[in-house]
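S.K.: below is the structure, and that's it, no one-letter string:
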């Protein structure tokens, strides 16, 4: 590790020896709304120098002195070109206008493919609004998490799951950030829609392994979502009414040209409509969610900008079950975040951002049953300060560095009796932790080779005021309960996380890439069931739990064909993880167990795979075909008799096929087909009789597979003529069909002994079948 | 269609699943060694079957079963096919250790099994039980049985079972308890069973589910289990229902066993028993007599 560090310092020292040119810096904005544009490219007409705008639309480009033709382009926008006299450093904002003629967007898309080719970034999927809008809309809305789940290497753990699994990793191993604040629950119930309202999302980047040094804390992926800042010039918005969801989006200036706001809200009302379809609704059925985004942005002056964002999302899902004498079983989940961000431009070459954030996640389960009514609550709060700096050192080097400090307070779970109940009040001890970290990274261009190397240092300390239960590492019996006072350190873990990636643009349409990254994860979930339970608990590193460490290696190649309309990419990855945890065999219902850390067992895990993707973007049709072959194994000596077993989250073969077709400017159709080989699971092989009841005998864990999963989604969109003419009031109809050929994909297989027939049987439980929906969207 | 998406539990259908062949046959041991001097001590030995096999599990006959308390083996006699009973008067004592030995032919193969057990001190004293009629729910007749007693300090794991006129409620309706939340406390009116006494249940579960009448005797037994045996019952409870109830079910795994020498299911345990009975006087009384 010391050697890596020395090398790193030497490389950075080298930066100062480069020649000093002039700097062109500024922002790229939408000409109509003033919205900062992320990922736009500013480059010289001769392609000798270029740079992408950062998450705030800022760019800084080192140029040779003299007259220069500078271009600015971005997918979905018209490219602009300007002549600049670069005899001295200059600040210049590009205003680019939306490309209304969507049929011509193909050329822009190809342009961005060409840039992707040269970036030293692997396993990154940029998901921008324009691409999202082309895909099949379900319930009138295309959701970014649904789009992400169509990418190679990304899978839905099970139908109806609200999270996603990246390269065989756990749902808890995804760092999901919205405007700088982490979200602990990214999806609404049943998994149709994520917490990300399509209207409010400006940009999303998914990193599958080769993480820039600024990200840390999760091993499998980073999903970084930026919301719309809000139009600083004109008021506008849209509203949509659907069978299941309605939503509204508003934006406008607070001070014209200086400050703007954005408000977006959605509400589903399935439960209100359901009595129209059936009179056999279970008692106390509740099923709805709502979410809201709000944002203010203020351009204080050329050098300073402020952003204030807030988000709240709540799901309520419940029903009574008479057959179990259950009056009501209701889950309520809420995730709320607030972020204050301050951009400061120290100099044309030094950009900084300070983020202050707060994120709260809570879930409450209510169980109303004669004598044993209770509520169960979990709360998790993360808050922190992140500082980040980007130094555009010279034309070849861009340095990023920063310091972060995060704090956590967690109530892992408490059970409270409701009135008249015999249930006892049980509260898990609270967990507090602080996590300081720092990072330094340089991106260096050396002719056709681009390198990115960085180092992140992170520490994690759990503190009092709490009672720490300590378990014997061999017998797993409770050995001690120790009380720690407020702020007193219980345990500190730390780690150095080197990151490295390189790309070589062999020709202008072919590149090769390689990367290595190490990540530490100090806060993690052990899943009770693979579908993810609303009561899954977060565990922090503690005297009983080591932080997880992941080393990931990847190799990749990209090639453009057919005038850049086709992009073929291939990636190989290998992940080696230590301190992987899982619950022991037969842990029972762990939600009310104060000793649940003693139920965990630790070992190693690894995953490897190949991801192939063919992206096509022709004049009328576009989309992609992706194939993933991967394997993910756990090796935990005290589970499954010491035999390694397959991860239940990894579908070994996956195919994603997306096709969109523009019949005309008004009519657009799209289709998406997904195929997963069945998830690893455990079936019984035998049965034994005890008393007069049968119980199952199993072979090894996850040696069997669920039935294969496949599904086709279709959608048709019709834009009214007014919409096409860009008039102030315009409409759009969308008809979508989920699971068009009505396949009953298995959610679970329930094996059991039926006393009444005296036979053992297997029943397939499925969640969904064909679901059509219609929505109307009005823009004003 | 929408409703199907929502009322998830109602969307299920029979499916043909090809299971791997059960290439191993397990010896299944059922029964406890208790401290009850007046009750015969017995074990039942059976073989396991393939999951979808329709035939009854075969009893293991002609086995040699013995329990040694340190003073020499006591041989159990096969009193009916697969049921092995100790000589009358033989019973366990708290604090003593026992060694079980079984020589049996399982799936045509000679096997020798062994297991050790120590009888824990009784962790719980049942003082009394009482019943109350809790009304009719969808034509089911429901009685709640509650218990009065005292838990001893220290860890305790229990198997609680109810019998009506000597007919035991089956395992899938009995309770296993960890005293984590009531260790060392006096317990009053703690509900231990909800009896659903209906014709339908009587058909499925037998005479234990008969409609309660004056003169019926309800018996409650609490066995203090060693921790390993508790874990066996805990996983047995998981494995007898469904293999996967999403959201709450853990990943399926076999029940643990303390039998060595070959594939086996079951747990050899020596358990002290505390019990109490109540005679039904007024079946329809809605309140407990005991406070």
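M.R.: Looks like it came in fine. Not measured: the values here are computed from a predicted model.

S.K.: what is the neighbour count of the residue nearest to residue A:197 when sequence neighbours are not counted?
M.R.: In this structure, residue A:197 finds its nearest non-sequential neighbour in residue A:264, 4.9 Å apart by C-beta to C-beta, 6 or more residues apart in numbering or on different chains. All C-beta spots, glycine's among them, are computed from the backbone N, C-alpha and C. Residues within reach of residue A:264, counting by other C-beta atoms under 10 Å in any protein chain shown, total 24.

S.K.: which strand or helix spans residue A:264?
M.R.: Using DSSP states H and E, residue A:264 maps to strand A:259-268.

S.K.: tell me the helices and strands packed up against whatever helix or strand comes next after that strand.
M.R.: Remark: after strand A:259-268, the chain's next helix or strand is helix A:270-273, criterion DSSP H and E. Counting by 3 or more C-beta pairs under 8 Å, 6 or more residues apart in numbering or on different chains; DSSP states H and E, the packing neighbours recorded for helix A:270-273 are strand A:286-299, helix B:2-6.

S.K.: quick check: buried residues in helix A:270-273?
M.R.: Neighbour-count burial for helix A:270-273 flags A:270-271 (criterion: 16 or more other C-beta atoms under 10 Å in any protein chain shown).

S.K.: same thing with stretch A:430-447?
M.R.: For stretch A:430-447, burial by neighbour count (16+ other C-beta under 10 Å) applies to A:431-445.

S.K.: quick one: the strands in the stretch 251-400 of chain A?
M.R.: Taking DSSP state E, counting those that start in this stretch as the criterion, the stretch 251-400 of chain A carries its strands at A:259-268, A:286-299, A:304-321, A:326-347, A:350-369, A:374-394, A:397-417.

S.K.: how many residues are close by residue B:196?
M.R.: Neighbour count of residue B:196, defined by other C-beta under 10 Å: 17.

S.K.: next: the one 10 residues further on.
M.R.: One way to gauge burial is a neighbour count; for residue B:206, by other C-beta under 10 Å, it gives 15.

S.K.: could I get the contacting residues of it?
M.R.: By C-beta atoms under 8 Å, 6 or more residues apart in numbering or on different chains, the contact set of residue B:206 is A:692, B:167.

S.K.: next: the one 10 residues further on.
M.R.: When the contact criterion is C-beta under 8 Å, 6+ apart, the partners of residue B:216 are B:164-165, B:210, B:279-280, B:283.

S.K.: local confidence estimate at it?
M.R.: Looking at residue B:216, its pLDDT reads 94.

S.K.: in what helix or strand does residue 162 lie?
M.R.: Because you didn't say which chain, this covers chain A. Take DSSP H and E as the rule and residue A:162 turns out to sit in neither a helix nor a strand.

S.K.: sorry, I should have been clearer: chain B.
M.R.: Using DSSP H and E, residue B:162 sits within strand B:157-164.

S.K.: which strands border the helix or strand harbouring residue A:202, and is each parallel or antiparallel?
M.R.: If you go by DSSP H and E, residue A:202 is part of strand A:201-207. Paired with strand A:201-207 in the same sheet, following DSSP bridges, are strand A:124-128 (antiparallel), strand A:221-227 (antiparallel).

S.K.: weakest of those in terms of mean pLDDT?
M.R.: Sorting the strands paired with strand A:201-207 by mean pLDDT places strand A:124-128 lowest, at a mean of 62.

S.K.: please enumerate the helices of the stretch 101-250 of chain B.
M.R.: For the stretch 101-250 of chain B, the helices defined by DSSP state H, counting those that start in this stretch cover B:199-205, B:227-240.

S.K.: the last one vs strand B:157-164, what angle?
M.R.: Orientation note: helix B:227-240 sits at an angle of 60 degrees relative to strand B:157-164 (axes from the mean of the first three to the mean of the last three C-alpha atoms, to 10 degrees).

S.K.: mind showing which ranges of chain A have poor pLDDT?
M.R.: Along chain A, segments meeting pLDDT under 70 span A:1-20, A:100-134, A:136-140, A:190, A:277-280, A:322-325, A:370-371, A:529-535, A:589-592, A:722-728.

S.K.: quick one: the residue nearest to the spatial centre of it from residue A:613, how far?
M.R.: Taking C-alpha atoms, centre = their mean, the centroid of chain A lies closest to residue A:223, which sits 3.4 Å from it. Separation of residue A:223 from residue A:613 (C-beta to C-beta, to the nearest Å) stands at 18 Å.

S.K.: of the buried residues of stretch A:430-447, closest to chain B?
M.R.: Comparing the buried residues of stretch A:430-447 against chain B with C-beta to the nearest C-beta places residue A:431 closest, at 20.2 Å.

S.K.: dump the residue contacts of the closest one.
M.R.: Taking C-beta under 8 Å, 6+ apart, we find residue A:431 in contact with A:408-410, A:412, A:462, A:466, A:540, A:542.

S.K.: now those in TSV, with neighbour count and distance to residue A:24?
M.R.: Formatted as TSV, the contacts of residue A:431 follow (neighbours: other C-beta atoms under 10 Å in any protein chain shown; distance: C-beta to C-beta, whole Å):
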residue	neighbour count	distance to residue A:24
A:408	22	42
A:409	16	46
A:410	24	47
A:412	20	52
A:462	25	48
A:466	21	54
A:540	22	46
A:542	21	51
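
S.K.: now, among these, which is nearest to residue A:565?
M.R.: Comparing those against residue A:565 with C-beta to C-beta places residue A:408 closest, at 47.7 Å.

S.K.: now do the nearest residue to that closest one once chain neighbours are set aside against residue A:225, distance only.
M.R.: Among residues not flanking residue A:408 along the chain, residue A:433 sits closest, at 4.4 Å (C-beta to C-beta, 6+ apart). Distance, residue A:433 to residue A:225, using C-beta to C-beta: 25 Å.

S.K.: show me the shaky parts of chain B.
M.R.: Judged by pLDDT under 70, the stretches of chain B that qualify are B:1-10, B:22, B:135-140, B:172-173, B:181, B:241-249.

S.K.: so what's the residue nearest to the spatial centre of it closest to, chain neighbours aside?
M.R.: Most central in chain B under C-alpha atoms, centre = their mean is residue B:171, positioned 4.3 Å from the mean C-alpha point. Of all residues not flanking residue B:171 in the chain, residue A:691 sits nearest, at 4.3 Å (C-beta to C-beta, 6+ apart).

S.K.: count of neighbours near that neighbour?
M.R.: For residue A:691, the tally of surrounding residues (other C-beta under 10 Å) stands at 18.
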